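Visitor: Quick one, what's the 3D model for this:
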Amino acid sequence: MKTQMKTRMFSGIAACIVVAGMSASAAFAHDKMMSDDMMMMDTNHDGMVSSDEYMAHSKMMMDKMDTNHDGMCSKAEMDAGMKMMHKKMSADDMKMIDTNHDGMVSGDEHMAYSKSMFDKMDANHDGMVSKDEMGAGMKMMHDDDHMMKKSP
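Guide: Modelled structure (predicted):
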């Protein structure tokens, strides 16, 4: 009886360790992705991302996704671009960016959306996004995305 109880207790502890390890691994992967993104955007290596650096990165991403170079991104181009970056683009995301609802995202729409994302992350409104602000902003956008998908 005691052996069975000990076995169950150790199994429970082992399961908790595995779950905690998986959670830590997912958090580490998210932090690494955010850190990699930040390093890519922080072109002057001052540990902060300015509005100009963020917008230049956004333009570079738009140019990468616009595979036929017509200045517009179709849903297929956006999906392919997001897949390339290991991110998933939802129809709701496309609708938020495509402000004139023509089924395409123009460079202007993409840049306006990027600017609004930067402004949301820049919590202290100093025109710079720190690593902490970027992490909090990405979490907020991720949480908002989940809330939108849950609402009817």
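Visitor: need the strands for the protein, in chain order.
Guide: Using DSSP state E, the strands found in the chain span residues 48-50, 72-74, 104-106, 128-130.
Visitor: With mean neighbour count, distance to S58 and mean pLDDT added, can I get those in JSON lines?
Guide: Yep, even glycine has a C-beta here, placed from its N, CA and C like the rest. JSON lines is the format used below for the strands of the chain (neighbours: other CB atoms under 10 Å; distance: least, CB to CB, whole Å; pLDDT from 0 to 100):
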{"stretch": "strand 48-50", "mean neighbour count": "21", "distance to S58": "11", "mean pLDDT": "90"}
{"stretch": "strand 72-74", "mean neighbour count": "21", "distance to S58": "12", "mean pLDDT": "88"}
{"stretch": "strand 104-106", "mean neighbour count": "21", "distance to S58": "12", "mean pLDDT": "90"}
{"stretch": "strand 128-130", "mean neighbour count": "21", "distance to S58": "13", "mean pLDDT": "91"}
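Visitor: Output these in TSV; the columns should cover distance to D92.
Guide: Putting the strands of the chain into TSV (distance: least, CB to CB, whole Å) gives the following:
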stretch	distance to D92
strand 48-50	25
strand 72-74	16
strand 104-106	13
strand 128-130	24
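Visitor: Minimum distance to I97: which of those has it?
Guide: strand 104-106 (5.0 Å; CB to CB).
Visitor: Outside of the closest one itself, list whatever touches it.
Guide: G71, M72, C73, S74, M78, M94, I97, D98, N100 (CB atoms under 8 Å, 6 or more residues apart in numbering).
Visitor: likewise stretch 81-100?
Guide: Applying CB under 8 Å, 6+ apart, the set of residues contacting stretch 81-100 from outside is 61, 64-65, 73, 75, 78-79, 101, 104-106, 109-110, 112-113, 145, 148-149.
Visitor: on that earlier part again, among the contacts of strand 104-106, which one sits closest to S50?
Guide: I97 (22.2 Å).
Visitor: Leaving out chain neighbours, which residue sits closest to that closest one?
Guide: Using CB to CB, 6 or more residues apart in numbering and skipping the chain neighbours, the partner closest in space to I97 is Y113 (4.6 Å).
Visitor: That neighbour - how many residues pack around it?
Guide: 18 (other CB atoms under 10 Å).
Visitor: M40 contacts H57, correct?
Guide: Yes: here M40 lies in contact with H57, judged by CB atoms under 8 Å, at a distance of 6.6 Å.
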